[in-house]
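> Got a sequence here, can you model it:
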Amino acid sequence: MEGEGRRTEAASSAASAAKRGALSFYVSLEEGWQYVKAFFTFQVKKLTAKSEKEASEADIQQARMQVEATDEAERKRYELNKT
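Below you'll find the model as predicted:
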């Protein structure tokens, strides 16, 4: 009887680890999408900028958006690993 409980616990633990891994992968995909979105959005803004100041502001906004995506992904991964 004890052996069955250990197997069930091990299976549950493995399923939990697999779920965390899948969620972590999803967070990474989401982070990558945010980077791509920032890149294309601000490339268009840079191309349509009327002055060098507007172009450099677009660069700064792109960098800020990428940092925010990274911070959000790290926060989500931390929450996943905490449980």
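
> When you work out contacts or count neighbours from here on, use the C-alpha atoms and nothing else.
OK.

> The most centrally placed residue in the chain and Ser12, how far apart?
In the chain, the residue lying closest to the centroid (CA atoms, centre = their mean) is Glu31, at 3.1 Å. Distance, Glu31 to Ser12, using CA to CA, to the nearest Å: 29 Å.

> Likewise for Phe39?
41 Å.

> More neighbours: these two, which one.
Neighbours per residue, other CA atoms under 10 Å: of Phe39 and Ser12, the larger number sits with Phe39, 17 against 12.

> Secondary structure class of the more buried one, three-state.
Judged by DSSP: H, G, I helix; E, B strand; the rest coil, the three-state class of Phe39 is helix.

> dump the residue contacts of it.
Gln62 (CA atoms under 8 Å, 6 or more residues apart in numbering).

> Please give me every residue in contact with the residue nearest to the centre of the chain.
By CA under 8 Å, 6+ apart, the neighbours of Glu31 are 69-70, 73.

> Switch those over to TSV; also include neighbour count.
Below are those laid out as TSV (neighbours: other CA atoms under 10 Å):
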residue	neighbour count
Ala69	20
Thr70	19
Ala73	20
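
> ok, the residues you listed vs Ala22, which is closest?
Ala73 (13.9 Å; CA to CA).

> where do the helices sit along this structure?
For the chain, the helices defined by DSSP state H cover 2-47, 52-82.

> ok and the worst-scoring helix or strand of the chain on mean pLDDT relative to helix 52-82, angle-wise?
The weakest-scoring helix or strand in the chain, judged by mean pLDDT, DSSP states H and E, is helix 2-47 (a mean of 83). If you take axes from the mean of the first three to the mean of the last three CA atoms, to 10 degrees, helix 2-47 sits at 180 degrees to helix 52-82.
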